[in-house]
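> Need a 3D model of the sequence below.
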Amino acid sequence: MSKTKITAARLKAIHGEKQEERLCVDTGFSAIDEVMAILREIRQEGDFTAFAGSFVHSEDLLVARNALWVLTKASDKELAALQVMLHELIDLAMSTDSSSVCRLSLTVVDRLKMEEGDLRTDFLDFCMDHMARVDEYPGIQSVCMKLAFKMCRFYPELMDELKRILEAMETDYYKPAVKSVRNRILSGRMK
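Predicted coordinates for the structure are as follows:
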C-alpha cells in the first residue's frame, strides 16, 4: 500500500493550528519532546515538503525556527524530499534577520545535494562573507564554510580563492568548531 501524499493545505487542515501552536514552544526539555513528536507525525504523514512549505516561512520566527529544528532531526533520506526546495531554503537563509532561522536553514541546505547547476553566486558570496566575519555566530560560520566548499569544489579557480580566504583568516579570532572546518578544508580531509 503506498502512502498518499498530502498537500500543504491539507496538512494545515489536519494538524494546522494545533501543530503551529505546538511549534511556538520555546527552547528547553519540553521543546525537544514536542519537536520529536512533530517529527513522528510528519513521518507518519510522509510529506516533509508540505510541512516545510507550511511552516518554515512563518512570520512567527519561533514557529519558523522550530519547524527548521524539526527538519534537522530528520534523516538524510527524509530530507531528500526537500531537494525541490533547495533554492527556497537558500533564499530564506540569506533573507532572514533571525540567526537561528539562518543557521537551521543553512544546516538543512548543507544536508541536501549540491550539484554544479545549483551554484548561485549570490549564495557563494553570502557564505564566503559570513564564514569570515569574526562577529558571526560560530554555527553559521562553520556551515557557511562547508557550503562554500561544496560550491567551490566544481571549479578549481573558486577552490583556490576559498583556500586563500581560509589561509588569510586570523584563527585567534575564531572558535574551535570554525577552526576545525577550516583545517579540514585546507588539509583536503573535507569531502
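> Show me what the longest helix anywhere in the chain is packed up against.
When the chain is parsed with DSSP state H, its longest helix is helix 29-45. When contacts are defined as 3 or more Cβ pairs under 8 Å, 6 or more residues apart in numbering; DSSP states H and E, helix 29-45 packs onto helix 16-22, helix 48-55, helix 61-72. For the C-beta atoms, the positions are set from N, CA and C on the backbone; glycine is no exception.
> Which of those has the lowest mean pLDDT?
Note on the helices and strands packed on helix 29-45: helix 16-22 shows the lowest mean pLDDT, a mean of 66.
> Distance of Lys150 relative to Asp172?
27 Å (Cβ to Cβ, to the nearest Å).
> So between these two, which is more surrounded?
Lys150 (21 against 7; other Cβ atoms under 10 Å).
> lowest confidence element among the helices and strands of this protein?
Sorting the helices and strands of the chain by mean pLDDT, DSSP states H and E puts helix 8-14 at the bottom, at a mean of 45.
> how about Leu147, what does it touch?
Residues counted as contacts of Leu147 (Cβ atoms under 8 Å, 6 or more residues apart in numbering) are 106, 109-110, 114, 123, 127.
> helix or strand right after the strand or helix carrying it?
Assigned by DSSP states H and E, Leu147 belongs to helix 138-152. Next helix or strand after helix 138-152 toward the C-terminus (DSSP H and E): helix 156-168.
> Thr72 reaches Val108, doesn't it?
Yes: shown here, Thr72 and Val108 form a contact pair, counting by Cβ atoms under 8 Å, at 6.4 Å.
> Those two: which has the busier surroundings?
Val108 (25 against 16).
> where are the low-confidence patches of this protein?
Within the chain, the segments meeting pLDDT under 70 span 1-19, 25-30.
> again, only this time at 90
1-37, 45-47, 62-63, 171, 188-191 (pLDDT under 90).
> Which helix or which strand is home to Thr107?
helix 99-110.
> picking that back up, export the helices and strands packed on helix 29-45 to CSV and append columns for distance to Leu119.
CSV is the format used below for the helices and strands packed on helix 29-45 (distance: least, Cβ to Cβ, whole Å):
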stretch, distance to Leu119
helix 16-22, 35
helix 48-55, 22
helix 61-72, 23
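> Is Ser58 part of a helix or strand, or is it coil?
coil (DSSP: H, G, I helix; E, B strand; the rest coil).
> ok, back up a step: contacts for the helix holding Thr107?
56, 61, 64-65, 68-69, 71-72, 79, 82, 86, 89-90, 92-93, 96, 137, 139-140, 143-144, 146-147, 150.
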